[in-house]
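Chemist: sequence isn't available, so here's the structure alone:
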(Lines give C-alpha, C1' and ligand atoms only; values in the text may rest on other atoms or scores of the structure.)
Protein backbone atom coordinates (compact mmCIF):
# COMPACT_ATOMS: atom_id res chain seq x y z
CA UNK A 1 0.00 0.00 0.00
CA UNK A 2 1.30 3.44 -0.94
CA UNK A 3 0.06 6.69 0.58
CA UNK A 4 0.47 9.81 -1.56
CA UNK A 5 0.10 13.41 -0.49
CA UNK A 6 -0.76 15.59 -3.50
CA UNK A 7 -0.28 19.35 -3.23
CA UNK A 8 -1.62 22.27 -5.26
CA UNK A 9 0.47 25.15 -3.88
CA UNK A 10 -0.66 28.69 -3.25
CA UNK A 11 0.01 31.35 -0.63
CA UNK A 12 -3.64 32.06 0.27
CA UNK A 13 -4.91 28.51 -0.34
CA UNK A 14 -2.91 25.31 -0.77
CA UNK A 15 -4.87 22.22 -1.68
CA UNK A 16 -3.95 18.80 -0.35
CA UNK A 17 -5.23 15.35 -1.23
CA UNK A 18 -4.20 12.07 0.34
CA UNK A 19 -4.77 8.78 -1.44
CA UNK A 20 -3.88 5.19 -0.67
CA UNK A 21 -3.27 2.74 -3.50
CA UNK A 22 -2.52 -0.96 -3.66
CA UNK A 23 -1.52 -0.64 -7.32
CA UNK A 24 -5.06 -1.40 -8.50
CA UNK A 25 -7.49 0.65 -6.43
CA UNK A 26 -7.39 4.30 -5.34
CA UNK A 27 -8.78 5.10 -1.90
CA UNK A 28 -9.30 8.71 -0.82
CA UNK A 29 -8.12 9.22 2.77
CA UNK A 30 -8.44 12.98 3.23
CA UNK A 31 -8.52 16.18 1.26
CA UNK A 32 -8.91 19.83 1.95
CA UNK A 33 -7.06 23.11 1.96
CA UNK A 34 -4.57 25.00 4.05
CA UNK A 35 -5.57 28.66 4.29
CA UNK A 36 -3.39 31.53 5.41
CA UNK A 37 -4.77 34.83 6.67
CA UNK A 38 -4.85 37.64 4.11
CA UNK A 39 -4.01 40.33 6.69
CA UNK A 40 -0.65 38.81 7.60
CA UNK A 41 2.59 39.73 5.89
CA UNK A 42 4.11 37.17 3.50
CA UNK A 43 6.70 35.75 5.93
CA UNK A 44 3.97 35.11 8.53
CA UNK A 45 1.75 33.46 5.92
CA UNK A 46 4.61 31.25 4.73
CA UNK A 47 5.35 30.22 8.33
CA UNK A 48 1.66 29.38 8.82
CA UNK A 49 1.68 27.30 5.61
CA UNK A 50 4.80 25.50 6.82
CA UNK A 51 3.31 24.66 10.23
CA UNK A 52 0.00 23.45 8.78
CA UNK A 53 1.83 21.29 6.22
CA UNK A 54 3.94 19.73 8.97
CA UNK A 55 0.72 18.89 10.86
CA UNK A 56 -0.80 17.20 7.80
CA UNK A 57 2.37 15.17 7.24
CA UNK A 58 2.47 14.12 10.90
CA UNK A 59 -1.21 13.17 10.93
CA UNK A 60 -1.34 11.17 7.68
CA UNK A 61 2.26 9.91 7.33
CA UNK A 62 2.46 9.86 3.51
CA UNK A 63 5.04 7.62 1.82
CA UNK A 64 5.57 10.06 -1.03
CA UNK A 65 4.49 13.55 -2.04
CA UNK A 66 3.49 14.90 -5.44
CA UNK A 67 3.55 18.66 -6.00
CA UNK A 68 2.28 20.62 -8.96
CA UNK A 69 5.03 22.53 -10.75
CA UNK A 70 4.57 26.23 -11.26
CA UNK A 71 3.05 27.09 -14.60
CA UNK A 72 4.35 30.34 -16.06
CA UNK A 73 2.01 33.16 -15.18
CA UNK A 74 1.69 36.57 -16.77
CA UNK A 75 1.06 37.99 -13.29
CA UNK A 76 4.58 38.15 -11.85
CA UNK A 77 3.39 38.95 -8.31
CA UNK A 78 1.12 35.88 -8.24
CA UNK A 79 3.88 33.69 -9.70
CA UNK A 80 6.30 34.87 -7.00
CA UNK A 81 3.84 34.14 -4.19
CA UNK A 82 3.08 30.67 -5.57
CA UNK A 83 6.81 30.02 -5.96
CA UNK A 84 7.39 30.95 -2.33
CA UNK A 85 4.55 28.68 -1.21
CA UNK A 86 5.99 25.83 -3.32
CA UNK A 87 9.36 26.37 -1.67
CA UNK A 88 7.83 26.12 1.79
CA UNK A 89 5.95 22.95 0.81
CA UNK A 90 9.08 21.37 -0.66
CA UNK A 91 11.06 22.29 2.46
CA UNK A 92 8.50 20.83 4.86
CA UNK A 93 8.26 17.60 2.84
CA UNK A 94 12.04 17.27 2.44
CA UNK A 95 12.55 17.93 6.14
CA UNK A 96 10.15 15.05 6.90
CA UNK A 97 12.20 12.77 4.63
CA UNK A 98 9.36 12.25 2.17
CA UNK A 99 10.35 11.59 -1.47
CA UNK A 100 8.96 14.37 -3.67
CA UNK A 101 7.79 14.12 -7.27
CA UNK A 102 6.80 17.15 -9.31
CA UNK A 103 4.33 17.27 -12.19
CA UNK A 104 3.38 19.95 -14.69
CA UNK A 105 -0.26 20.92 -15.25
CA UNK A 106 -0.07 19.17 -18.65
CA UNK A 107 1.15 15.91 -17.08
CA UNK A 108 -1.63 16.07 -14.49
CA UNK A 109 -4.33 16.69 -17.10
CA UNK A 110 -3.08 13.82 -19.28
CA UNK A 111 -2.84 11.40 -16.36
CA UNK A 112 -6.32 12.20 -15.01
CA UNK A 113 -8.33 12.77 -18.20
CA UNK A 114 -6.15 11.41 -21.02
CA UNK A 115 -6.32 14.85 -22.65
CA UNK A 116 -3.72 17.57 -22.09
CA UNK A 117 -6.12 20.40 -22.90
CA UNK A 118 -8.83 19.33 -20.43
CA UNK A 119 -10.51 22.16 -18.58
CA UNK A 120 -10.93 22.43 -14.83
CA UNK A 121 -14.46 20.99 -14.81
CA UNK A 122 -13.37 17.91 -16.80
CA UNK A 123 -10.49 17.26 -14.41
CA UNK A 124 -12.72 17.66 -11.37
CA UNK A 125 -15.34 15.28 -12.78
CA UNK A 126 -12.67 12.67 -13.53
CA UNK A 127 -11.32 13.00 -9.99
CA UNK A 128 -14.85 12.37 -8.70
CA UNK A 129 -15.29 9.33 -10.96
CA UNK A 130 -11.84 7.82 -10.36
CA UNK A 131 -12.26 8.10 -6.60
CA UNK A 132 -15.90 6.99 -6.63
CA UNK A 133 -17.03 10.12 -4.79
CA UNK A 134 -20.64 11.32 -4.67
CA UNK A 135 -19.67 14.86 -5.55
CA UNK A 136 -16.70 16.86 -6.80
CA UNK A 137 -14.35 17.70 -3.91
CA UNK A 138 -14.55 21.32 -2.80
CA UNK A 139 -12.95 23.74 -2.85
CA UNK A 140 -11.34 23.49 -6.30
CA UNK A 141 -7.84 23.47 -4.78
CA UNK A 142 -8.62 20.19 -2.95
CA UNK A 143 -9.84 18.57 -6.18
CA UNK A 144 -6.70 19.81 -7.93
CA UNK A 145 -4.50 18.30 -5.20
CA UNK A 146 -6.28 14.96 -5.54
CA UNK A 147 -5.60 15.15 -9.29
CA UNK A 148 -1.88 15.57 -8.50
CA UNK A 149 -2.01 12.44 -6.31
CA UNK A 150 -3.81 10.50 -9.05
CA UNK A 151 -1.22 11.68 -11.58
CA UNK A 152 1.59 10.36 -9.40
CA UNK A 153 -0.04 6.99 -8.83
CA UNK A 154 -0.84 6.55 -12.53
CA UNK A 155 2.68 7.64 -13.51
CA UNK A 156 4.46 5.31 -11.11
CA UNK A 157 2.13 2.44 -12.02
CA UNK A 158 2.98 2.98 -15.69
CA UNK A 159 6.71 3.19 -14.89
CA UNK A 160 6.54 -0.16 -13.05
CA UNK A 161 4.62 -1.72 -15.95
CA UNK A 162 7.15 -0.53 -18.52
CA UNK A 163 10.15 -1.71 -16.49
CA UNK A 164 8.83 -5.27 -16.11
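Modeler: Perfect, thanks for sending it. Keep in mind that what you see is a predicted model, and the values were worked out from it rather than measured.
Chemist: would you mark the buried spots in the helix or strand of the chain with the lowest mean pLDDT?
Modeler: The helix or strand of the chain with the poorest confidence is helix 140-163; it has a mean of 80 (mean pLDDT, DSSP states H and E). Going by neighbour count (16 or more other CB atoms under 10 Å), the buried part of helix 140-163 is 140-156. The C-beta positions use only the backbone N, C-alpha and C, and glycine is treated the same way.
Chemist: so which elements touch it?
Modeler: Applying 3 or more CB pairs under 8 Å, 6 or more residues apart in numbering; DSSP states H and E, one finds that helix 140-163 contacts strand 2-8, strand 13-21, strand 26-35, strand 64-68, strand 100-103, helix 105-113, helix 120-130.
Chemist: which residues sit against the fifth one?
Modeler: Put plainly, it is strand 100-103. Under the contact criterion CB atoms under 8 Å, 6 or more residues apart in numbering, strand 100-103 has outside partners 64-69, 90, 93-94, 111, 148, 151-152, 155-156.
Chemist: okay, now the sheet partners of it, with direction.
Modeler: strand 64-68 (parallel) (DSSP bridges).
Chemist: so the partner strand versus helix 140-163, what angle?
Modeler: 120 degrees (axes from the mean of the first three to the mean of the last three CA atoms, to 10 degrees).
Chemist: and the next helix or strand past strand 64-68?
Modeler: For strand 64-68, the following helix or strand on the C-terminal side (DSSP states H and E) is helix 76-95.
Chemist: give the buried residues for that next one.
Modeler: Quick answer for helix 76-95 (16+ other CB under 10 Å): 81-82, 84-86, 88-90, 92-93.
Chemist: what's the closest non-adjacent residue to residue 151?
Modeler: residue 111 (3.8 Å; CB to CB, 6 or more residues apart in numbering).
Chemist: from residue 149, how far off is the one you found?
Modeler: Residue 111 is 10 Å from residue 149, where distance means CB to CB, to the nearest Å.
Chemist: okay, and the common contacts of these two?
Modeler: Contacts common to residue 111 and residue 149, judged by CB under 8 Å, 6+ apart, are absent.
Chemist: just checking, residue 122 touches residue 113?
Modeler: Yes: under the criterion of CB atoms under 8 Å, residue 122 makes contact with residue 113 at 5.5 Å.
Chemist: before we move on, back to that, and the helices and strands packed on helix 140-163 as TSV, adding distance to residue 42 and mean pLDDT?
Modeler: Converted to TSV, those look like this (distance: least, CB to CB, whole Å; pLDDT from 0 to 100):
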stretch	distance to residue 42	mean pLDDT
strand 2-8	19	97
strand 13-21	14	96
strand 26-35	15	96
strand 64-68	20	96
strand 100-103	23	96
helix 105-113	24	93
helix 120-130	27	94
